[in-house]
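> Turn this into a model:
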Amino acid sequence: MSRILIDGYNLGLEKGTGVATYARNLSYEIAALGHEIDVLYGNRMSPGKDELLSEIYFFDSGEDERHKLIRILEQIPQAVHAPWTFRAKQVPVTGRVVTRTFQSRLPKFDRLFNSRDLFVRSQSAFRLWRKPSAVRMDEKPDLAHWTYPIPLWVKGRPNIYTLHDVVPLRLPYTTLDHKKRYLKLLQKLDQKAAHFVTVSENSKQDLVDLVGIAPDRITNTYQSVSIPDKYANKPEDQVAREVEGLTGFDYKGYFLFWGSLEPKKNIGRMIEAYLSSKVDTPLVIVGAQAWKAEQELKLLGAAESYYTGLERMRGARRNVIQLPYAPFPLLVSLIRGARAAVFPSLYEGFGLPALEAMLLGTPVICSNTSSLPEVTGDAAIAVDPYDTAAITRAIRAVDADADLRADYTARGRKQAELYTPEKYRQNLKAVYDRFV
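This next block holds a predicted model:
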């Protein structure tokens, strides 16, 4: 049995991300392989030697403005004077703090570690020094698996980095990343890493072509798609009540998109295509507004005038609603209750939402670009994401043809079987066996 360290960079986010889902699934597969799991967080506080306070502050989500200002001011000298090593301490998890609120966000773990503001401070240090910082622990893991390109490493141990995609380089206009610094980080990690993992052949080729990483240093493990039975097999009448109560729309009576509202998700063209289709079936958009969200949503009206939550849009937009967030159990019900999932993203490293919909028996309209054709095969209705008319035609076809929906439901379930946790686990094992 070996000890594997993974980072909590995305796991600590309140609403989660696709990378958070990846990290959480990774933790369960590491455990299934028989390894112990250490998870390293970068929460803002890890005070003193008092174990109870350490546990309390680790799970505390509050931060007053005074502490926030102190944290910002502290980052400057910390980055300047100690740029290369950060100390991580174990967080006691005794059960004295009630943590059930975080149950759906917490990964599988044997031990939790924290280094105060680790991820923010390491990014600050990298901006100044262009060097990844080391993480020092009292007992080193046998291997560190970083789930995101973070400027951190564990000295004297194999370090593996998962690189999901290179969207800042392929579609630079869709992200706020500092492109030169992002490329430099990937090149520096290439000097430190024992190996890289990615999630599609498309992403692997991008890493070779754009970053210059040698192909034999990258393994595509894909990802797995898995949803707990208690959500995936919930009785249909209960699912119908949930979605009708939340949206006001009938079970199997709406189209659904979920994800961050950002340029690469192609929300603007999706809304334009939907409105042009003139179908009566409503559109539900689930996702928090991110960079350029106002521009993506402009067809629904100016930011100050469009309605979110449960209120319908006015006029021609009355059948579109946007929900900022849905907890995972409710999101599963929304996916199950949709007539079809619409996912015309400009670029995806893998495209997990498309497979989640397939697993749950919901037909998928998705892009014919990046990794999506590779992952979905012939089980999705593929469209050119830059061609609004093509998206419109797909929406009309799926809306009107129950036999077409049934066909793609069957294809989707079969395609999802190619991405089981067991298959992913074997891919992961092949990588780990080389280093531990």
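> Measure how far the helix or strand harbouring residue 120 is from the centre of its chain, please.
Using DSSP states H and E, residue 120 sits within helix 118-129. On the basis of Cα atoms, centre = their mean, to the nearest Å, helix 118-129 sits 22 Å off its chain's mean C-alpha point.
> Now do it, average pLDDT.
Averaged across helix 118-129, pLDDT comes to 92.
> and if you look at stretch 180-187?
Stretch 180-187 shows a mean pLDDT of 97.
> now do stretch 239-250
95.
> Give me the buried positions along that stretch.
Using 16 or more other Cβ atoms under 10 Å as the test for burial, stretch 239-250 gives 239-240, 242-243, 246-247, 249. Every residue, glycine included, has its C-beta placed from N, CA and C.
> what's in contact with it?
The contact list for stretch 239-250 (Cβ atoms under 8 Å, 6 or more residues apart in numbering) reads 251, 254, 282, 284, 310, 312, 321, 323, 326, 330, 333-334, 336-337.
> mind running it again at 6 Å?
Here stretch 239-250 makes contact (Cβ atoms under 6 Å, 6 or more residues apart in numbering) with 251, 282, 284, 333-334, 336-337.
> Apart from its chain neighbours, what residue comes closest to residue 85?
Nearest residue to residue 85 in three dimensions, chain neighbours excluded: residue 134, at 4.7 Å (Cβ to Cβ, 6 or more residues apart in numbering).
> tell me which element that neighbour is part of?
Residue 134 belongs to strand 133-136 when assigned by DSSP H and E.
> which other helices and strands contact that strand?
strand 85-87 (3 or more Cβ pairs under 6 Å, 6 or more residues apart in numbering; DSSP states H and E).
> let's go with 8 Å and repeat that
Counting contacts by 3 or more Cβ pairs under 8 Å, 6 or more residues apart in numbering; DSSP states H and E, strand 133-136 is packed against strand 85-87, helix 118-129, strand 152-153.
> Just tell me which of those ends up closest to residue 380.
helix 118-129 (34.7 Å; Cβ to Cβ).
> Filter the contacts of stretch 239-250 down to just the ones in strands.
Residues of the contacts of stretch 239-250 located in strands (DSSP state E): residue 284.
> Make a markdown table out of the contacts of stretch 239-250 and add distance to residue 142 and neighbour count.
Below are those laid out as a markdown table (distance: Cβ to Cβ, whole Å; neighbours: other Cβ atoms under 10 Å):
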| residue | distance to residue 142 | neighbour count |
| --- | --- | --- |
| 251 | 49 | 18 |
| 282 | 52 | 21 |
| 284 | 45 | 24 |
| 333 | 40 | 22 |
| 334 | 41 | 23 |
| 336 | 40 | 24 |
| 337 | 44 | 26 |
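> Considering the contacts of stretch 239-250, which is situated nearest to residue 126?
Nearest member of the contacts of stretch 239-250 to residue 126, counting by Cβ to Cβ, is residue 334, at 38.7 Å.
> ok, so what distance separates that closest one from residue 394?
Residue 334 sits 20 Å away from residue 394, going by Cβ to Cβ, to the nearest Å.
> what does residue 34 give?
Distance, residue 34 to residue 394, by Cβ to Cβ: 45 Å.
> ok, these two, which is more surrounded?
residue 394 (21 against 9; other Cβ atoms under 10 Å).
> Checking that one next. Helix, strand or coil?
Of the three states, residue 394 takes helix according to DSSP: H, G, I helix; E, B strand; the rest coil.
> so what's it up against?
By Cβ under 8 Å, 6+ apart, residue 394 lies in contact with 365, 381, 383.
> can you pull the contacts of the last one?
In other words, residue 383. Counted by Cβ under 8 Å, 6+ apart, residue 383 has contacts 344, 365-368, 390-391, 393-394.
> Dump these to a markdown table, plus secondary structure.
Below are these laid out as a markdown table (three-state DSSP):
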| residue | secondary structure |
| --- | --- |
| 344 | coil |
| 365 | strand |
| 366 | strand |
| 367 | strand |
| 368 | coil |
| 390 | helix |
| 391 | helix |
| 393 | helix |
| 394 | helix |
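> just so I have it, where are all the strands in the stretch 201-350 of the chain?
With DSSP state E, counting those that start in this stretch as the definition, the stretch 201-350 of the chain shows strands at residue ranges 218-220, 255-258, 283-286, 320-323, 340-343.
> Can you tell me which of those strands is most buried?
Counting by mean count of other Cβ atoms under 10 Å, strand 340-343 has the highest mean neighbour count of the strands of the stretch 201-350 of the chain, with a mean of 26.
> Neighbouring strands - and their directions - for it?
Strand 340-343 pairs in its sheet with strand 255-258 (parallel), strand 364-367 (parallel), by DSSP bridges.
> Other residues contacting it?
Residues outside strand 340-343 that contact it (Cβ under 8 Å, 6+ apart) are 255-259, 270, 274, 283, 335, 351, 353-354, 357, 362-367, 372, 391, 395, 398-399, 405.
> now the residues you listed: which count as buried?
Buried among the contacts of strand 340-343 by 16+ other Cβ under 10 Å: 255-259, 270, 274, 283, 335, 351, 353-354, 357, 362-367, 372, 391, 395, 398-399, 405.
> quick one on the thing from earlier: same list, the helices and strands packed on strand 133-136, but as JSON lines with mean neighbour count please.
What follows is the helices and strands packed on strand 133-136, written out as JSON lines (neighbours: other Cβ atoms under 10 Å):
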{"stretch": "strand 85-87", "mean neighbour count": "16"}
{"stretch": "helix 118-129", "mean neighbour count": "19"}
{"stretch": "strand 152-153", "mean neighbour count": "26"}
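> Pipe those into JSON lines and attach distance to residue 195 per row.
As requested, the helices and strands packed on strand 133-136 are exported to JSON lines (distance: least, Cβ to Cβ, whole Å):
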{"stretch": "strand 85-87", "distance to residue 195": "23"}
{"stretch": "helix 118-129", "distance to residue 195": "21"}
{"stretch": "strand 152-153", "distance to residue 195": "13"}
